[in-house]
Structure formats: structure tokens, C-alpha cells
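> Sequence and predicted structure below; questions after.
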Amino acid sequence: MTRRHLLTLIFILLALSLSGCATLSEGECRTANWQELGRIDGTQGQPRARLFEHAKACADYGIRPDAEAYYRGRERGLLDYCTPANAYREGRRGATYRGVCPALLEGNFLESYRQGLAIHEVESELEGLERQIQRVEHRLDDEEVASDEIQELHRELRSLYRDYRFRQQELLRLEQYHGRYGRMLPR
């Protein structure tokens, strides 16, 4: 890759990350390495329609993307995205899978993705329970709470702690099974 292409790639990545959208500037449209942009979009699990977003942005400047080069790059990028290790990481962080993996890779991808997602969901439930526990504990610290309400708050707190312990055990079980599996997956 030439220095010019590397600088263009860095500029495109920086602009995309700062803007948070799929639009490209005029300069990015004029200097785009469409195959490399497709590869980047593929490694991020972007759908085929991402090219249409780029095309729309570039149409304002009278520039048409090289669709063949873009899709060639995207397919190469999907090979990096559609690995079991990446699927597990995507699931763990709660990312949405957009159905982009080729059929031959999708079965293994989805299995690993679901394992990571199961852990993510339990972690999210634990966070919600922590917030509920804090809310009840804060309410118990309020000196203006009536005595009959205090008893109800204590019952609610015991129930929340029970649910929290159950979810912690579930998380531990999942991490022991899936987490170990996720660490053993090739990177």
C-alpha cells in the first residue's frame, strides 16, 4: 500500500469515526480506495447497503464508487469479521448481528455469537438489579419512610439480593463454559 493510500485510509477512518455516519466528504470520495473501504466495512460487519450510503454521499460531488472493487474488498473483510472469535466478542458487547456472513461461515459465527450474547444479557440483568438494589437501599436511608413501608422495602431488598445471587451464579456458569470456549477460539 502506498503512502498516499495509507493516508487516505487513515483520513477516511478518522472522518467516519468522528462523524458517526456513513457519509464521505468530497475529498474522501475523490481519493477513496474503494476496495480498501469495502474491506474496512466488511471487517465491521456492515451490510451490502453500506455502499449505497457511500454512493449517495459521493453523488453530491458527481462521483460514483467502484462497486466491483468495493464488494471485492468487503468480501475479504467479512472473512475477518465472520470468525467464531469475533462473533463471541460481538455477542459479549451486545452488538447486533446484521446477517452479513456468507452461508458457509454463518453457522459457526451464530453459535459463538449466541454464547457471547448470553453472557452479555446476564451482565445487563445484573446491572439492572444493582440499580434496583441501590434504589431500595437509598429509600431505606430516607428518615421519612413509614415503618410499614420499611418492612416492605426489606422484603423487596431480600428478593433483589436473591435474584442477584442467582444471576451471579448463572454468569459464573456461563463464563466457565462459554468464556473458556471464547478464550480458546482463534483470534
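Looks like it arrived, so ask away. Residues are numbered from 1 along each chain as shown.

> How much space separates the residue lying farthest from the centre of the chain from L153?
Note on the chain: the largest C-alpha distance from the chain mean falls to S147, namely 45.9 Å (CA atoms, centre = their mean). Distance, S147 to L153, by CB to CB, to the nearest Å: 11 Å. (C-beta placed from N, C-alpha, C; glycine too.)

> Could I get the buried residue list for stretch 114-127?
115-120, 122-123, 125-126 (16 or more other CB atoms under 10 Å).

> That should have said stretch 151-158, apologies.
So stretch 151-158, judged by 16+ other CB under 10 Å, has buried residues 153, 156-157.

> any chance of those residues in a markdown table, plus secondary structure?
Formatted as a markdown table, those follow (DSSP: H, G, I helix; E, B strand; the rest coil):
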| residue | secondary structure |
| --- | --- |
| L153 | helix |
| E156 | helix |
| L157 | helix |
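
> need those residues in JSON lines with distance to L105, can you?
JSON lines is the format used below for the buried residues of stretch 151-158 (distance: CB to CB, whole Å):
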{"residue": "L153", "distance to L105": "51"}
{"residue": "E156", "distance to L105": "47"}
{"residue": "L157", "distance to L105": "47"}
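
> Point out the least confident one among the residues you listed.
The lowest pLDDT within the buried residues of stretch 151-158 belongs to L153, with 91.

> and it, what does it touch?
136, 139-140, 145 (CB atoms under 8 Å, 6 or more residues apart in numbering).

> just G42 next, same as before
73-81, 100.

> same thing but at 6 Å, please
Residues near G42 by CB atoms under 6 Å, 6 or more residues apart in numbering: 74, 77-78.

> So which of these sit within helices?
74, 77-78 (DSSP state H).

> Buried ones from those residues, can you make that a ChimeraX selection?
The ChimeraX command for the buried members of the ones in helices among the contacts of G42 (criterion: 16+ other CB under 10 Å) is given here:
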select :74,77,78
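
> Output the ones in helices among the contacts of G42 in a markdown table, with pLDDT and distance to Q46 appended to each entry.
Shown next, in a markdown table, are the ones in helices among the contacts of G42 (pLDDT from 0 to 100; distance: CB to CB, whole Å):
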| residue | pLDDT | distance to Q46 |
| --- | --- | --- |
| R74 | 97 | 7 |
| G77 | 97 | 8 |
| L78 | 97 | 9 |
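
> ok, the residue nearest the centre of the chain to E106 distance?
Residue closest to the average C-alpha location in the chain (CA atoms, centre = their mean): A95, at 2.7 Å. According to CB to CB, A95 stands 16 Å off from E106.

> tell me the domain boundaries of the protein?
3-81, 89-184 (automatic domain parsing).

> so of the ones you listed, which one's packed in deepest?
domain 3-81 (a mean of 17; mean count of other CB atoms under 10 Å).
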